[in-house]
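Asks: When you get a sec, could you give me coordinates for this:
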Amino acid sequence: MSTLAAVGDLYYCEMTQAVEIKEGRLIKYIPQKFKFRIVEDNLIEFGEDANYFNGLELEIIEFRNDYEQFYGDNFEYSYGSFYFADVIRWPADDYDKLTATAVSAQCSIVDDYSV
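Replies: As a prediction, the model looks like this:
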C-alpha cells in the first residue's frame, strides 16, 4: 500500500497529548482516538465518532514532500504526526473569555474496512 496521501485516504489517529488552557488553568485530557479523511484537494473531514474533532472540517492550504506533509491555518500533518492548536473566544457578560487547545497525535493511513 502506498504511504503517499491522496484524496479519499482515511487516517486513523491516537492522541499523544491533549491540553486546554481555560481561565488560567491547564487541563490535561485523556487522549482520544479519531479518524479523518482527505475529501478534496483542499479539505479534510473528521468522522462522527464521539471525540474532540467530531464532524469538523479543516481546510488544507498546501501539500509538501510527495504529500507526506500538509497543513492548514491551525493544523499540520507531517510524516504520521498530527498537530492541532486553536484559540476559541467565548462571549461573556463583562469581557470575552479565551480557551486555548493543543493536540498532538500519531496517525497512519488505513483501509476503510480495518477500522
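Asks: from here on, contacts and neighbour counts on C-alpha atoms
Replies: Will do.
Asks: Quick check: bridge partners of the spatially most central residue of the chain?
Replies: Nearest residue to the geometric centre of the chain (C-alpha atoms, centre = their mean): residue 84, 5.2 Å. On the basis of DSSP bridges, residue 84 is bridged to residue 75, residue 103.
Asks: Might one say that it is in contact with residue 72?
Replies: No: at 9.4 Å, residue 84 does not count as touching residue 72 under the criterion of C-alpha atoms under 8 Å.
Asks: residues in contact with residue 56?
Replies: 45, 46, 47 (C-alpha atoms under 8 Å, 6 or more residues apart in numbering).
Asks: Spit out the contact partners of the first one.
Replies: The contact partners of residue 45, taken as C-alpha under 8 Å, 6+ apart, are 36, 37, 38, 39, 55, 56, 57, 58.
Asks: do residue 49 as well
Replies: Taking C-alpha under 8 Å, 6+ apart, we find residue 49 in contact with 34, 55.
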